[in-house]
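*Asks:* Coordinates for the following, if possible.
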Amino acid sequence: MTKKRLTLKPLRYLLIGVLLVCAGFPVYWMAATALSANSELYGSGQSFFPQLKHFPALLHDLGSVPIGLWLFNTLLVAAGGTVLSLVLGSLAGYALSRFRFHGKGLVGFLLFVTQVVPEALILVPLYAMFITFGLLNSLAGLVLANVGFSLPVACFVLKGAMDAVPYEIEESAIIDNCPRFSILTMIILPLIMPSIAAAAVVAFFAGWNEFLFASTFLMDRDKWTASVGLASFVGQYETPMSAVMGAALVFSIPAIVFFLLIQRKIVAGLTAGAVKG
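*Replies:* Now for the predicted structure:
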């Protein structure tokens, strides 16, 4: 058995190395493209290794656009949508998981239906509503639009996790005269942290990568998000690919960091058990 483990160990490391190369190569190629001249990209061909001599030119190209402001706007939209989706999703998931009421199945079905409706189908009605309520050209309006699609997912994920929590735990708290809201926030939610982390990942990346609503509802350049800002690099006669890849690399770093941080919560919850004492 020991010899078999010694034989399989190098294969495991080899497989891990291959997976790391496959996952990291797109990021490396973005960096190599960003540090290449446009004449090389469209002419002689891109070098496999980043050319640091082109770094000043890249800084000059990126310095002409408000990348920091676009990144901040994207963080606001993604973080706001994530927090709102988790708060409302936990409340709705708890109601669907623990309470019995007329129309419960219909509510769940309607939440499911929202996921099969294309964004383009509701774009015009939503645009008219935003004009009526003064939410057009507003980051708050964009957050609400994104929550409309990420909230049902968060609700279903959290409801499924709450269904797996033994109801006897709540009964003990009810006997001790604990309010329902305290049961949810102090007992249920700490037990389903892996599901909360999973729902947070879905909601965050939905807001981070959203383009259709952002490009339609945001008119001012200083309110653009990263996706809209990247699209603005595409010109009618020329597209500076080095600047596009440089900006894309900058916009990708916060999302990668967020995923690495939240991944620990998911892995820790998977190995901690259902009930933490």
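
*Asks:* mind listing the strands for the protein?
*Replies:* Applying DSSP state E to the chain gives no strands.

*Asks:* Now residue 199: closest residue in space, sequence neighbours ignored.
*Replies:* Leaving aside its chain neighbours, residue 199 sits nearest to residue 154 (4.1 Å; criterion: Cβ to Cβ, 6 or more residues apart in numbering). Bear in mind the C-beta positions are built from the backbone N, C-alpha and C, glycine included.

*Asks:* how close does residue 105 get to residue 123?
*Replies:* Distance of residue 105 to residue 123, computed by Cβ to Cβ, to the nearest Å: 29 Å.

*Asks:* more neighbours, the two?
*Replies:* Taking other Cβ atoms under 10 Å, residue 105 and residue 123 do not tie; residue 123 has more neighbours (15 against 9).

*Asks:* Next, name the residue at the spatial heart of the chain.
*Replies:* The centre of the chain sits closest to residue 205, judged by Cα atoms, centre = their mean, with a distance of 1.4 Å.

*Asks:* Show the pLDDT at it.
*Replies:* For residue 205, the pLDDT comes out at 90.

*Asks:* begin at 28 from here
*Replies:* Done: numbering now begins at 28, and the last item shifts to residue 232.

*Asks:* tell me the contacts of it?
*Replies:* 105, 282 (Cβ atoms under 8 Å, 6 or more residues apart in numbering).

*Asks:* If we use 7 Å, what do you get?
*Replies:* residue 282 (Cβ atoms under 7 Å, 6 or more residues apart in numbering).

*Asks:* what's the answer for the one 5 residues further on, then?
*Replies:* The contact partners of residue 237, taken as Cβ under 7 Å, 6+ apart, are 173, 254.

*Asks:* if you set the cut-off to 10 Å instead, what comes out?
*Replies:* 101, 104-105, 108, 146, 169, 172-173, 176-177, 252-255 (Cβ atoms under 10 Å, 6 or more residues apart in numbering).

*Asks:* Relative to residue 188, which of those is nearest.
*Replies:* Lowest distance from residue 188 to the contacts of residue 237 (Cβ to Cβ) belongs to residue 177, with 16.5 Å.

*Asks:* Okay, helices next: where are they in the protein?
*Replies:* Taking DSSP state H, the helices of the chain run over residues 29-61, 65-66, 82-90, 94-125, 131-140, 150-160, 166-190, 194-202, 207-210, 216-218, 220-236, 239-244, 253-258, 268-299.

*Asks:* Mind putting these into JSON lines with distance to residue 75?
*Replies:* Output for those, formatted as JSON lines (distance: least, Cβ to Cβ, whole Å):
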{"stretch": "helix 29-61", "distance to residue 75": "7"}
{"stretch": "helix 65-66", "distance to residue 75": "17"}
{"stretch": "helix 82-90", "distance to residue 75": "17"}
{"stretch": "helix 94-125", "distance to residue 75": "26"}
{"stretch": "helix 131-140", "distance to residue 75": "47"}
{"stretch": "helix 150-160", "distance to residue 75": "42"}
{"stretch": "helix 166-190", "distance to residue 75": "38"}
{"stretch": "helix 194-202", "distance to residue 75": "57"}
{"stretch": "helix 207-210", "distance to residue 75": "57"}
{"stretch": "helix 216-218", "distance to residue 75": "48"}
{"stretch": "helix 220-236", "distance to residue 75": "28"}
{"stretch": "helix 239-244", "distance to residue 75": "34"}
{"stretch": "helix 253-258", "distance to residue 75": "24"}
{"stretch": "helix 268-299", "distance to residue 75": "15"}
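
*Asks:* Where in this structure is the helix or strand with the lowest mean pLDDT?
*Replies:* helix 65-66 (a mean of 64; mean pLDDT, DSSP states H and E).
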